[in-house]
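Visitor: sequence plus the predicted model coming up.
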Amino acid sequence: MKRPVWSAVAFAVIVAGLCGVADAGDRYITVASTTSTANSGLFKDILPRFTRKSGIEVRVVAVGTGQAIRLARNGDADVLFVHHRKSEEKFVSEGYGVKRFDVMYNDFIVIGPKNDPAKIKGVSDVVKGLSSIAAATAPFVSRGDDSGTHKKELALWREAGVDVKTASGTWYRETGSGMGATLNTAAAMGAYTLADRGTWLSFANKEGLAIAYEGDKRLLNLYGVILVNPKRHKHIKAEMGQTFIDWLVSDEGQKAIGDFRIGGKPLFNPNAPADTR
Amino acid sequence: MTDFSDALTTALTLVATMDRDLTEIVLLSLRVSLTAVAIAAIIGLPLGAALALLRFPGRKVVIVLMSALMGLPPVVVGLAVYLLLSRSGPFGTFGLLFNPGAMILAQVILVIPIIASLTQQVTEDLWHEYEEQLQSLGASTMESVWTLLWDGRYSLMTAHLAGFGRASAEVGAVMIVGGNIDHVTRVMTTSIALEVSKGDLPLALGLGLVLIFLSLCINMGVHSLQTVGRRWQR
């Protein structure tokens, strides 16, 4: 038994296994984004156009806004593309990001069982709607995962003066998971939930659920894109990342976003200001 | 019940049409999990055999610890590997995160305890049987290890199957360190999780059936290898 040979073979296999499959090419960037942009099919629709034009591959890691920001903070993504303006501005002011660009918007909607047990259809604003859900102790499913949607929902409860923390586990239920999983839970429990329109329109398991409330100004859902600061992390692919951002806010990118539809309905409305195009 | 029949139809259609995306995902799953099992075997087999043959203080503790690690939660392993490979972590400079290499590493950690523990049991039983014989032949410890591993090879195949089952079925670790990136790190289990979150339950279940089918094929292959090998031996 020739031991040195075996050890050498073993070592070679381990190294080849881990590294050989590590990297194909260097012309790619990593984007930390939210489940709403990825699961709705937006990226699958628009990214190939960008790649054809620039030769840059875009790898999307789709997680909640909170986790996406943490990934970007650690330098594990080149570009951050999320939807919670306050956190995004904080990210930039703390020096983790270079600059925030407006890209697109849609709105949040309150989803609920078709028979609307808390009678919120037709209330004058969303805060009143949430108050009646709380008053009726009708089941409400929350993301509970520090995502953009979750942060929006908590802000609305605060405005309604409802303490959801003490209600957690009774009529208020936190799933701690993504938008799709939360909608699945709402469908199974006949519960209300707050969702972004993009995920709702592309969601396939709507069983028994319908839009219970929509249209309040407060439900605006703004998406911003930020280049992670190369001064913080040397390996950030700043040039390619900025090329991607420039394309998103260009006429061509904005048109691609506006043209993305499901069942004839647009999911996102482009809103990059004219001077960045 | 329509979901189940839809799932079956979806699975059959996907397999019959050799769907390109599915083929890519299946190949990546196999590449990641098989590589992980191969690496874990290189480490786990000698480790398990050493635990069976060598006598040192604290040996029992290590054996119990190793079998306890068979129950490592994949999410925890994923998180630990993420923290190690993150650009802000100690091994960040290699840029392994969100690549198949990171997924292999996480699965290697999950599979080593399974292979090592089962190897330890198999070789310890054989050691009781052959200890005197091997010693009378003047075999060194190293030679004994090789002899026992070779003798127990058919039982050890089951250890590898258990390891492969663990690797190919887990989603928690590969989701965190791979990031479920389309065409780069998307494997069977993360695709299933993704389709569930899109609400496409029949497709998710259909992919699950494809995964079970794959696992069945691999198990059938190994079992027939065992049968043929044992028959030939006689």
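Guide: Thanks, I have the structure now. Numbering: from 1, shown residues only, chains lettered A, B, ... in the order given.
Visitor: get me the contact residues on chain B for chain A.
Guide: For chain B, the residues in contact with chain A (CB under 8 Å from any CB of the partner chain) are B:31, B:35-36, B:38-39, B:42-43, B:86-89, B:92-101, B:104-105, B:142-143, B:146, B:179-182, B:184, B:194, B:196-201. Where you see a C-beta, it was placed from the backbone N, CA and C, and this is true even at glycine.
Visitor: so how far is A:Ala167 from the closest residue to A:Ser168 other than its chain neighbours?
Guide: In this structure, A:Ser168 finds its nearest non-sequential neighbour in A:Glu174, 5.9 Å apart by CB to CB, 6 or more residues apart in numbering or on different chains. To A:Ala167, A:Glu174 is 10 Å away according to CB to CB, to the nearest Å.
Visitor: picking up where we left off before, and the residue nearest to A:Ser168, what is it in contact with?
Guide: A:141-144, A:168 (CB atoms under 8 Å, 6 or more residues apart in numbering or on different chains).
Visitor: over to the closest residue to B:Leu83 other than its chain neighbours. Which of the three states is it?
Guide: In this structure, B:Leu83 finds its nearest non-sequential neighbour in B:Gly89, 5.2 Å apart by CB to CB, 6+ apart. Going by DSSP: H, G, I helix; E, B strand; the rest coil, the secondary structure assigned to B:Gly89 is coil.
Visitor: name the residues linked to the most centrally placed residue in chain A by a beta bridge.
Guide: The structure's chain A has its C-alpha centroid closest to A:Thr34; by CA atoms, centre = their mean the separation is 2.0 Å. With beta bridges defined as DSSP bridges, A:Thr34 has these partners: A:Val63.
Visitor: how about it, what does it touch?
Guide: For A:Thr34, the contacting residues are A:62-65, A:68, A:81-83, A:147-148, by CB under 8 Å, 6+ apart.
Visitor: excluding its backbone neighbours, what's nearest A:Leu156?
Guide: Nearest one to A:Leu156, counting by CB to CB, 6+ apart, is A:Leu130 at 5.8 Å.
Visitor: do I have it right that the one you found meets A:Ala160?
Guide: Yes: under the criterion of CB atoms under 8 Å, A:Leu130 makes contact with A:Ala160 at 4.6 Å.
Visitor: ok, the two, which is more surrounded?
Guide: The neighbour comparison of A:Leu130 against A:Ala160 (other CB atoms under 10 Å in any protein chain shown) goes to A:Leu130, with 26 against 19.
Visitor: report pLDDT for B:Arg55.
Guide: For B:Arg55, the model assigns a pLDDT of 90.
Visitor: that one belongs to a strand?
Guide: No: B:Arg55 is assigned coil when assessed by three-state DSSP, not a strand.
Visitor: buried sites along the helix or strand hosting B:Ile112?
Guide: Per DSSP states H and E: B:Ile112 is located in helix B:100-136. Neighbour-count burial for helix B:100-136, counted by 16 or more other CB atoms under 10 Å in any protein chain shown, picks out B:100-124, B:126-127, B:130, B:134.
Visitor: so where's chain B uncertain?
Guide: B:1, B:234 (pLDDT under 70).
Visitor: pretty sure A:Lys121 contacts A:Tyr213?
Guide: Yes: look at A:Lys121 against A:Tyr213 with CB under 8 Å: they come within range, at 7.0 Å.
Visitor: what's around residue 186, how many residues?
Guide: You didn't say which chain, so I picked chain A. A:Ala186 has 27 neighbouring residues, counting by other CB under 10 Å.
Visitor: that's the other chain; I wanted chain B
Guide: That count, for B:Arg186 with other CB under 10 Å as the rule, works out to 20.
Visitor: so it, which state does it fall into?
Guide: Strictly by three-state DSSP, B:Arg186 counts as coil.
Visitor: next one: phi and psi at it?
Guide: For B:Arg186, the backbone dihedrals (degrees, to the nearest 10) come out as phi -80, psi 120.
Visitor: B:Thr185 and B:Pro46: what is the separation?
Guide: 30 Å.
Visitor: those two: which has the busier surroundings?
Guide: B:Thr185 (24 against 19).
Visitor: show me where chain A has its strands.
Guide: Secondary structure of chain A (DSSP state E): strands at A:28-34, A:57-63, A:79-82, A:97-113, A:140-142, A:172-174, A:192-196, A:209-213, A:220-228, A:261-262, A:265-266, A:269-270.
Visitor: let's have the ones you listed in a markdown table, adding mean pLDDT and distance to B:Arg153.
Guide: Compiled in a markdown table, those are given as follows (pLDDT from 0 to 100; distance: least, CB to CB, whole Å):
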| stretch | mean pLDDT | distance to B:Arg153 |
| --- | --- | --- |
| strand A:28-34 | 95 | 42 |
| strand A:57-63 | 95 | 41 |
| strand A:79-82 | 96 | 50 |
| strand A:97-113 | 96 | 56 |
| strand A:140-142 | 97 | 52 |
| strand A:172-174 | 96 | 50 |
| strand A:192-196 | 96 | 54 |
| strand A:209-213 | 96 | 55 |
| strand A:220-228 | 96 | 50 |
| strand A:261-262 | 92 | 54 |
| strand A:265-266 | 91 | 60 |
| strand A:269-270 | 96 | 62 |
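Visitor: I'd say the residue nearest to B:Leu83 and B:Val81 touch.
Guide: No: B:Gly89 lies out of contact with B:Val81 (CB under 8 Å); the separation is 9.4 Å.
Visitor: neighbour count for those two, which is higher?
Guide: Between B:Gly89 and B:Val81, counting by other CB under 10 Å, B:Val81 is the more crowded of the two (25 against 17).
Visitor: buried stuff in the helix or strand harbouring that one?
Guide: Assigned by DSSP H and E, B:Val81 falls within helix B:74-85. Neighbour counts using 16+ other CB under 10 Å place B:74, B:77-85 of helix B:74-85 among the buried residues.
Visitor: got the angle for that helix vs helix B:100-136?
Guide: 110 degrees (axes from the mean of the first three to the mean of the last three CA atoms, to 10 degrees).
Visitor: does anything pack onto helix B:74-85? Which helices or strands?
Guide: helix B:100-136, helix B:172-178 (3 or more CB pairs under 8 Å, 6 or more residues apart in numbering or on different chains; DSSP states H and E).
Visitor: how about the closest residue to A:Arg49 other than its chain neighbours, what does it touch?
Guide: Setting aside the residues directly before and after it, A:Arg49 is nearest to A:Ala256 in space (CB to CB, 6+ apart), at 5.6 Å. Each residue near A:Ala256 by CB under 8 Å, 6+ apart is listed here: A:45-46, A:49.
Visitor: what do you get for A:Thr170?
Guide: A:Thr170 is in contact with A:Thr137, counting by CB under 8 Å, 6+ apart.
Visitor: A:Leu183 versus that one, what's the distance?
Guide: 21 Å.
Visitor: ok, now A:Phe268?
Guide: Counting by CB to CB, the separation of A:Phe268 from A:Leu183 is 18 Å.
Visitor: what's the per-residue pLDDT of the nearest residue to A:Asp45 once chain neighbours are set aside here?
Guide: Spatially, and ignoring its direct neighbours in sequence, A:Asp45 is nearest to A:Phe260 (4.8 Å; CB to CB, 6+ apart). In this model, A:Phe260 is scored at 95, pLDDT.
Visitor: and A:Phe260, how many neighbours does it have?
Guide: Neighbours of A:Phe260 (other CB under 10 Å): 20.
Visitor: tell me which other helices or strands the host helix or strand of B:Ser224 touches.
Guide: Element membership for B:Ser224 (DSSP H and E) is helix B:201-233. Applying 3+ CB pairs under 8 Å, 6+ apart, one finds that helix B:201-233 contacts helix B:2-16, helix B:20-53, helix B:153-169, helix B:188-197.
Visitor: pick the most buried one from the ones you listed.
Guide: Highest mean neighbour count among the helices and strands packed on helix B:201-233 (mean count of other CB atoms under 10 Å in any protein chain shown): helix B:188-197, with a mean of 22.
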